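1. One predicted model, sequence on top.
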Amino acid sequence: MMFDPAETRLIEARQLRDAARAIVRTDLATLQLSLAERPLTERVRDSAVTRATGLAHSTLDLAMASRGVFLLTLTAVAGWLFRKRLGAIAQAGWAAGIIRLANWRAARAQTKDL
């Protein structure tokens, strides 16, 4: 019995569809079994912890390799965070220095007058 070429293509397409459906069903069953053993949230959490740990280790290695840059960066960040307090301390120190300088000049001027 001879089939029409269009009918032959239709039969082949159905066979391909059925084969693809069987593959998808097998994959879904495998995925369901895998998720039953270990839920997705646990997998995501473990992956995030592993990546964060790796990032922390590589950051620590980089910081140890270039301690000067690390300390300079840390100092700059601390300076930025405490800039208002440091500014107030610097202003108070500057004012005290100016007063001491004025007192020293006045004392020096008095000793020259004698």
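-> Cool, the structure landed.

2. Can you name the residues that contact Trp104?
-> Contacts for Trp104 (C-beta atoms under 8 Å, 6 or more residues apart in numbering) come out as none. Using the backbone N, CA and C atoms, a C-beta is placed for each residue, glycine as well.

3. Would you state the helices of this protein in chain order?
-> 5-37, 40-65, 67-81, 83-113 (DSSP state H).

4. I'd like a version of those helices in TSV, one that adds mean pLDDT as further columns.
-> Listed next are these as TSV, based on pLDDT from 0 to 100:
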stretch	mean pLDDT
helix 5-37	93
helix 40-65	92
helix 67-81	91
helix 83-113	90
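
5. distance of Arg105 from Leu62?
-> 52 Å (C-beta to C-beta, to the nearest Å).

6. Give me the neighbour count for Arg38.
-> For Arg38, the count of nearby residues is 10 (other C-beta atoms under 10 Å).

7. Next, give phi and psi for it.
-> Phi and psi for Arg38, reported as degrees, to the nearest 10, are phi -150, psi 110.

8. I'd like the distance between it and Val49.
-> 14 Å.

9. Then Gln110?
-> Distance of Gln110 to Val49, computed by C-beta to C-beta: 73 Å.

10. can you check Thr75 too?
-> 31 Å.

11. Report how many residues lie close to Phe70.
-> That count, for Phe70 with other C-beta under 10 Å as the rule, works out to 15.

12. Likewise for Asp18?
-> Per other C-beta under 10 Å, the neighbour tally for Asp18 reads 10.

13. From Val24, how far off is it?
-> 11 Å.

14. cool, and Met64?
-> 50 Å.

15. Leu101 too?
-> As judged by C-beta to C-beta, Leu101 and Val24 stand 86 Å apart.

16. cool, Leu31 as well?
-> Separation of Leu31 from Val24 (C-beta to C-beta): 10 Å.

17. Please apply the same query to Ala102.
-> 89 Å.

18. Kindly report the same for Lys112.
-> Applying C-beta to C-beta to Lys112 and Val24 gives a distance of 102 Å.
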